[in-house]
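Trainee: This is the structure alone, sequence omitted:
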Ligand code: SF4
Ligand code: SF4
Ligand code: SF4
């Protein structure tokens, strides 16, 4: 491995300007989506095949009864023990020399196993190309010695990239400064993630952030049953519906509504 890197996201410094979200679209040439106003500045409502990072907006009443506005930059966590890499039958998803997880789209057969294996619900399926997509932590920029586009765009210093040890030290320093319920999130799960948060509140407070992310054991069983790759492709429709239910629960009707109509980012 060349040098293990971590992208540090200090949510206590994020103002939700969404510069990172726009920079990601611009650098990766990802088109906009039509969405609709669902009563939040969050737009689009969720990660999509063409939205690899998203600022989530959340209202929260703290223990003292104060209303707070919480923001969270969502996206791939670049796990060390990466469920997506483990189950991918064609090695389309792979670990890079920086410890991050990149994607070779040419190798993706659209079996969707990575979607079911991801404890953070990150990979998205492009219905047009029949392939998945996700953040690659700007692999080409890292190889050129450049910071990811989102990090470069952040005006508040909420995003940083650097050597693993230095970033973890910075994260813990910041948590000590913040005090209260602030914590470091990422290093303790899936053998350590290469995206690490400084959370200003307890992890349980943040919507759609798993308190204890784990690769679903069911997917590992199915992976072995459905080998080889040809069988995977054929079995995807039936297995996909079943696995989505057992890994993510029943479909939320709001999620369905959020796929439709409205303004552009
Ligand atoms: S967050 Fe999900 S998609 Fe990203 S590396 Fe981990 S398992 Fe893979
Ligand atoms: S690292 Fe690159 S691909 Fe990932 S969210 Fe940031 S800009 Fe997008
Ligand atoms: S660019 Fe920085 S401050 Fe703006 S939304 Fe992204 S992380 Fe937050």
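Mentor: On my side now, so go ahead. Since the model is a prediction, treat every value here as computed from it, not as a measurement. Numbers count the residues shown, from 1 in each chain. Ligands and ions are numbered 1, 2, ... in the order given.

Trainee: Tell me which stretches of the stretch 151-265 of the chain form strands.
Mentor: 159-163, 183-185, 195-199 (DSSP state E, counting those that start in this stretch).

Trainee: got those as TSV, with distance to ligand 3 and mean pLDDT columns?
Mentor: For the C-beta atoms, the positions are set from N, CA and C on the backbone; glycine is no exception. Below are the strands of the stretch 151-265 of the chain laid out as TSV (distance: least, CB to the nearest ligand atom, whole Å; pLDDT from 0 to 100):
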stretch	distance to ligand 3	mean pLDDT
strand 159-163	5	98
strand 183-185	15	98
strand 195-199	11	98
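
Trainee: could those strands be laid out in JSON lines, adding mean neighbour count and distance to residue 63?
Mentor: As requested, the strands of the stretch 151-265 of the chain are exported to JSON lines (neighbours: other CB atoms under 10 Å; distance: least, CB to CB, whole Å):
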{"stretch": "strand 159-163", "mean neighbour count": "19", "distance to residue 63": "28"}
{"stretch": "strand 183-185", "mean neighbour count": "20", "distance to residue 63": "15"}
{"stretch": "strand 195-199", "mean neighbour count": "25", "distance to residue 63": "15"}
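
Trainee: Dump these into CSV; add distance to residue 71 as well.
Mentor: As requested, those are exported to CSV (distance: least, CB to CB, whole Å):
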stretch, distance to residue 71
strand 159-163, 12
strand 183-185, 14
strand 195-199, 11
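
Trainee: Quick check: which element contains residue 55?
Mentor: strand 54-61 (DSSP states H and E).

Trainee: Quick one: the strands of the stretch 151-265 of the chain as TSV, columns for distance to ligand 2 too.
Mentor: As requested, these are exported to TSV (distance: least, CB to the nearest ligand atom, whole Å):
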stretch	distance to ligand 2
strand 159-163	8
strand 183-185	17
strand 195-199	9
